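**Q** need a 3D model of the following:
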Amino acid sequence: MKNIVETFNLTKIYNKQVRAVDDVSVQIEEGEIFGLLGPNGAGKTTTIHMLTTLTRPTSGTARVGGYDVLKEARKVREITGYSAQEAGVDEYSSGREYLTLFGHYYHLDDQTIRRRVNELLELLELTDAADRLVATYSGGMRKRLEIGTALMHRPQLLVVDEPTLGLDIQTRVRIWDYIRTLNKDGMSILLTTHYLEETDKLCDRVAIMDHGRIVALGTPNELKGEIHGDVVMLTLPLEEPDQRAKTVEKATRILVAQTFVKEVQPTDEGLNAYVDQGSSAVPQILHLLEQGGLTIGEISLARPSLDDVFLKYTGRTIREEKGKAVGARAAWIRRPR
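**A** Residues are numbered from 1 along each chain as shown. Next up, the predicted model:
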């Protein structure tokens, strides 16, 4: 299968010292949904800005649809549609007027513009609101309209930066459905996200980015398959930073000495222990830590997720919301006081 995107040691340095993107080489196949997963500041947006010719690489290069992003930038723009992270739509135009304007930007003829506008309004479920001012649109409607502008010229590659950032779950699911529909019609899609569920449900393959580098690459199931067994997640009581570090170190020392514990990873709240049989390991872990004089705040059991993969490669977890873990987890088991 042909590649729609190929990058070769792609690097972007700001102010001669900040490596926003660091030596990225990756291939994206035609017809796949490919995700760049990582927290804010990981280099995702800078990467797609270089692929869409909005930013010049400091070194390295890339090809989109076989065209060099530096030497054939115009060709790249002709086959690429880009939907930015913030839906900066014109509030004083109607949805129909806004899409029509982008049709003229792409130099389409009037008949084609009218046809494409009607098709997109129907696809994005905006027909009833087509002649209302965008100022009256909800956040989800504005995001759908923004995606529509990137589709006016029927691009081969749709690039979407954080397609559901800040939207409620119902609107997010609706946008996921649009993206799947476009992909089924043959469109290649590159999206950036820090939502683990979004990557898991949408992407054929995902590259995990951290500090400008790709640290892991594969299908969601392949990446999760790298972590065998169950995850026992321990939350430790809040303490002074020095004391907390000592507590985590002591708990880690106790657990790694056990044959049924395969790996231990510190987290923001405490630590994760990776075991073969989670249901039998939980009471053993509680008993061992209590014997060691350690108090556990909360404990939960889950199957490995992309968050665990990210933790494995970066030593940190991705959070959808501050203080709230991401992904399908078992119910919390609160320790009796």
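
**Q** in the stretch 201-337 of the chain, which spans are strands?
**A** Secondary structure of the stretch 201-337 of the chain (DSSP state E, counting those that start in this stretch): strands at 205-210, 213-218, 230-235, 261-266, 270-275, 298-302, 333-334.

**Q** okay if I get those as TSV plus mean neighbour count and mean pLDDT?
**A** Using the backbone N, CA and C atoms, a C-beta is placed for each residue, glycine as well. TSV is the format used below for the strands of the stretch 201-337 of the chain (neighbours: other CB atoms under 10 Å; pLDDT from 0 to 100):
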stretch	mean neighbour count	mean pLDDT
strand 205-210	24	95
strand 213-218	17	95
strand 230-235	22	89
strand 261-266	18	89
strand 270-275	22	90
strand 298-302	18	87
strand 333-334	12	30
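
**Q** would you turn those strands into a markdown table with distance to residue 91?
**A** Converted to a markdown table, these look like this (distance: least, CB to CB, whole Å):
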| stretch | distance to residue 91 |
| --- | --- |
| strand 205-210 | 33 |
| strand 213-218 | 38 |
| strand 230-235 | 44 |
| strand 261-266 | 46 |
| strand 270-275 | 45 |
| strand 298-302 | 43 |
| strand 333-334 | 47 |
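
**Q** flag the shaky bits of the stretch 51-200 of the chain, pLDDT-wise.
**A** Applying pLDDT under 70 to the stretch 51-200 of the chain flags residues 87.

**Q** at 50 what do you get?
**A** For the stretch 51-200 of the chain, no stretch has pLDDT under 50.

**Q** which stretches in it count as strands?
**A** Using DSSP E, counting those that start in this stretch, strands in the stretch 51-200 of the chain cover 59-64, 67-68, 80-83, 157-161, 188-193.

**Q** helices and strands around the shortest one, which ones?
**A** Helices and strands touching strand 67-68, as assessed by 3 or more CB pairs under 8 Å, 6 or more residues apart in numbering; DSSP states H and E, comprise helix 73-79.

**Q** and the strands of the stretch 201-337 of the chain: which comes nearest residue 157?
**A** Nearest to residue 157, of all the strands of the stretch 201-337 of the chain, is strand 205-210, at 14.9 Å by CB to CB.

**Q** burial of residue 306, as a residue count?
**A** Per other CB atoms under 10 Å, the neighbour tally for residue 306 reads 25.

**Q** I meant residue 74, not that one.
**A** 8.

**Q** how's this protein carved up into domains?
**A** Following the assignment in automatic domain parsing, the chain carries domains at 3-224, 226-334.

**Q** highest mean neighbour count out of those domains?
**A** domain 3-224 (a mean of 18; mean count of other CB atoms under 10 Å).

**Q** how long is that one from one end to the other?
**A** End-to-end distance of domain 3-224: 25 Å, with CA to CA, to the nearest Å as the criterion.

**Q** check the offset of that domain from the chain's centre.
**A** The chain centroid and the centroid of domain 3-224 are separated by 12 Å, computed with CA atoms, centre = their mean, to the nearest Å.

**Q** distance check, the residue lying farthest from the centre of the chain against residue 285.
**A** Most distant residue from the mean C-alpha position of the chain: residue 291, 40.8 Å away (CA atoms, centre = their mean). Look at residue 291 and residue 285: by CB to CB, to the nearest Å, they are 11 Å apart.

**Q** now residue 187
**A** Separation of residue 187 from residue 285 (CB to CB) stands at 47 Å.

**Q** got it, and residue 46?
**A** Computed as CB to CB, the residue 46 to residue 285 distance reads 41 Å.

**Q** can you check residue 21 too?
**A** 40 Å.

**Q** next one: residue 120
**A** Taken as CB to CB, the span from residue 120 to residue 285 is 54 Å.

**Q** one more: residue 113?
**A** As judged by CB to CB, residue 113 and residue 285 stand 63 Å apart.

**Q** repeat for residue 49
**A** In terms of CB to CB, residue 49 sits 45 Å off from residue 285.

**Q** same thing with residue 174?
**A** Counting by CB to CB, the separation of residue 174 from residue 285 is 41 Å.

**Q** could you do residue 263 as well?
**A** 13 Å.

**Q** list the residues that contact both of the two?
**A** Jointly contacting residue 263 and residue 285 under the rule CB atoms under 8 Å, 6 or more residues apart in numbering are residue 273.

**Q** so which residues of the protein form helices?
**A** In the chain, the segments counted as helices under DSSP state H are 44-51, 73-79, 95-105, 110-123, 139-151, 169-184, 196-202, 220-225, 241-256, 278-291, 306-314.
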